[in-house]
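Engineer: Coordinates for the following, if possible.
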Amino acid sequence: MAWPQFAHETVATLAAVQPSQWCQAFFLGAAGGVAVVVAAPVEARTLLMDYGARKAHNNKQQQQREGQHQQGQQQAGTPASQTSPSRDRLLSLVAAVSSWGQVPHSWFVAFYMASLGCSLFWLVQYLTQGRLLDHIAARQVAAESRPPAALGQVAVAWVIMFLQASRRVFEHATIIKPSKSTIWFVHWVLGLCFYLCISVSIWVDGSNNTATLFKILFATPIFLFAWVNQYRCHKYLAGLKKYSLPDEGLFRHLICPHYTCECLVYLSLAVVTAPPGQLCNKTLLCALLFVAINLGATASGTHKWYGEKFGAGAVAGKWNMIPFLF
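Structural biologist: Next up, the predicted model:
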């Protein structure tokens, strides 16, 4: 096949992809990337994912292990350079890559400001019949073979995202303490792209069909529970002495209940925007999958760190994030 023909067919194929499928591809690709990092050797995973207290703690432990290993080799008469050169080179490369482009952890607030800005942007687009919204919606409707979600469902989803972003911006401005910890810029860019993509995903399947009251009534209490309790968790964590063990409220049963609440927010969005004949919106289920994998990896690392710092008994009987499952 000649290159011009191949390029033409590729462009035509990409042009035929539905807007919702682009969103799904992003969420699934991001979730797959996180899953690959989670499956990596523990040293590489620590370098790529940990930040803040867990990063400092794990770095200290790694240095101690390396010191003990080198001491053992010296006692056994084995040169340190003969252990595993390929593994050492790989870890050195990962360390060099992850150390480049570190940004302040406080930049997380940009996610919620972007989400809030997108909510307002799409509201203006809807009220003024903006060209961008019309173009995306027309492409989606033309490709659909089933009725989309009702306008009432989309309106509730918009309110959910607007309230969630507003509360998170408020938390960063009032209760979250300044921190010197940093995160890899890749995490920050990934999070920013997620919120930009989710702002489209909540309405891209919507139309003027009759509202599905049951889905709204089912999803709204889930969101309100998550919204209120996530705020309580964040406020409680902000008031704790630095690097102490949270053990009140939902923290009595879960390592990271604020992550549980985050998942419930996206579950409520998936339910409230589900088209007729479907229990959940597939695009937002993909978003939920990414959120669950991403936060689940962090919750697992937090569980391990708590156990090492405060003893296994301090975390015994607690789930990481999902009651009865994980």
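Engineer: residues contacting the residue sitting nearest the centre point of the chain?
Structural biologist: With distances taken as C-alpha atoms, centre = their mean, residue 291 lies nearest the centre of the chain, 3.7 Å away. If you count contacts by C-beta atoms under 8 Å, 6 or more residues apart in numbering, residue 291 has them with 262-263, 266. Heads up, the C-betas are built off the backbone N, CA and C, glycines and all.
Engineer: can you pick the most crowded of these?
Structural biologist: Neighbour counts for the contacts of residue 291, by other C-beta atoms under 10 Å, peak at residue 266, which reaches 26 neighbours.
Engineer: re earlier: the contacts of residue 291 into JSON lines, with extra columns for pLDDT?
Structural biologist: Formatted as JSON lines, the contacts of residue 291 follow (pLDDT from 0 to 100):
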{"residue": "262", "pLDDT": "96"}
{"residue": "263", "pLDDT": "97"}
{"residue": "266", "pLDDT": "96"}
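Engineer: and of the residues you listed, the nearest to residue 205?
Structural biologist: residue 266 (15.1 Å; C-beta to C-beta).
Engineer: Setting aside sequence neighbours, what's the nearest residue to that closest one?
Structural biologist: Closest residue in space to residue 266, ignoring its immediate chain neighbours: residue 288 at 4.3 Å, by C-beta to C-beta, 6 or more residues apart in numbering.
Engineer: Next, the contact list for the one you found, please.
Structural biologist: With C-beta under 8 Å, 6+ apart, residue 288 has these contacts: 263, 266-267, 270.
Engineer: Give me the secondary structure label for it.
Structural biologist: helix (DSSP: H, G, I helix; E, B strand; the rest coil).
Engineer: Tell me the helix or strand right after the helix or strand harbouring residue 35.
Structural biologist: Applying DSSP states H and E as the criterion places residue 35 in helix 19-38. Sequence-wise, the next helix or strand downstream of helix 19-38 (DSSP H and E) is helix 42-49.
Engineer: Output that next one in PDB with nothing but the alpha carbons.
Structural biologist: Extracted in PDB, the C-alpha atoms of helix 42-49 (Å, rounded to 0.1, in the frame of the first residue of the first chain):
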ATOM      1  CA  VAL A  42       9.000  -2.400  43.500                       C
ATOM      2  CA  GLU A  43      12.100  -0.200  43.200                       C
ATOM      3  CA  ALA A  44      11.000   1.200  39.900                       C
ATOM      4  CA  ARG A  45       7.300   1.500  41.000                       C
ATOM      5  CA  THR A  46       8.500   3.500  44.000                       C
ATOM      6  CA  LEU A  47      10.500   5.900  41.900                       C
ATOM      7  CA  LEU A  48       7.600   6.500  39.400                       C
ATOM      8  CA  MET A  49       4.600   6.600  41.700                       C
END
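Engineer: relative to helix 19-38, how tilted is it?
Structural biologist: Helix 42-49 and helix 19-38 are oriented at 140 degrees to each other (axes from the mean of the first three to the mean of the last three C-alpha atoms, to 10 degrees).
Engineer: just for the stretch 51-200 of the chain, where's the confidence low?
Structural biologist: 51-87, 144-149 (pLDDT under 70).
Engineer: need the helices for it, in chain order.
Structural biologist: Residue ranges of the helices in the stretch 51-200 of the chain, as given by DSSP state H, counting those that start in this stretch, are 52-76, 85-99, 109-127, 131-143, 151-174, 185-201.
Engineer: Which one of those helices lies nearest to residue 304?
Structural biologist: Taking the helices of the stretch 51-200 of the chain one by one with C-beta to C-beta, helix 52-76 is closest: 8.4 Å.
Engineer: Give me the contacts around the helix holding residue 35.
Structural biologist: 17, 44-45, 48-49, 136, 139-140, 190, 193-194, 197-198, 200-201, 204-205, 282-283, 286-287, 289-290, 293-294, 297.
Engineer: Okay, angle between that helix and helix 131-143 too, please.
Structural biologist: 90 degrees.
Engineer: CA atoms of helix 19-38 as PDB?
Structural biologist: The C-alpha trace of helix 19-38 is given here as PDB (Å, rounded to 0.1, in the frame of the first residue of the first chain):
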ATOM      1  CA  PRO A  19     -16.100  11.500  20.400                       C
ATOM      2  CA  SER A  20     -17.100   9.100  23.200                       C
ATOM      3  CA  GLN A  21     -14.700   6.500  21.800                       C
ATOM      4  CA  TRP A  22     -11.900   9.000  22.000                       C
ATOM      5  CA  CYS A  23     -12.600   9.600  25.600                       C
ATOM      6  CA  GLN A  24     -12.900   5.800  26.300                       C
ATOM      7  CA  ALA A  25      -9.500   5.200  24.600                       C
ATOM      8  CA  PHE A  26      -7.900   7.900  26.700                       C
ATOM      9  CA  PHE A  27      -9.200   6.500  30.000                       C
ATOM     10  CA  LEU A  28      -8.400   2.900  29.100                       C
ATOM     11  CA  GLY A  29      -4.900   3.800  27.800                       C
ATOM     12  CA  ALA A  30      -4.200   5.800  31.000                       C
ATOM     13  CA  ALA A  31      -5.500   2.900  33.200                       C
ATOM     14  CA  GLY A  32      -3.300   0.500  31.200                       C
ATOM     15  CA  GLY A  33      -0.300   2.700  31.700                       C
ATOM     16  CA  VAL A  34      -0.800   2.900  35.500                       C
ATOM     17  CA  ALA A  35      -1.300  -0.900  35.600                       C
ATOM     18  CA  VAL A  36       2.000  -1.500  33.800                       C
ATOM     19  CA  VAL A  37       3.800   0.700  36.400                       C
ATOM     20  CA  VAL A  38       2.000  -1.100  39.300                       C
END
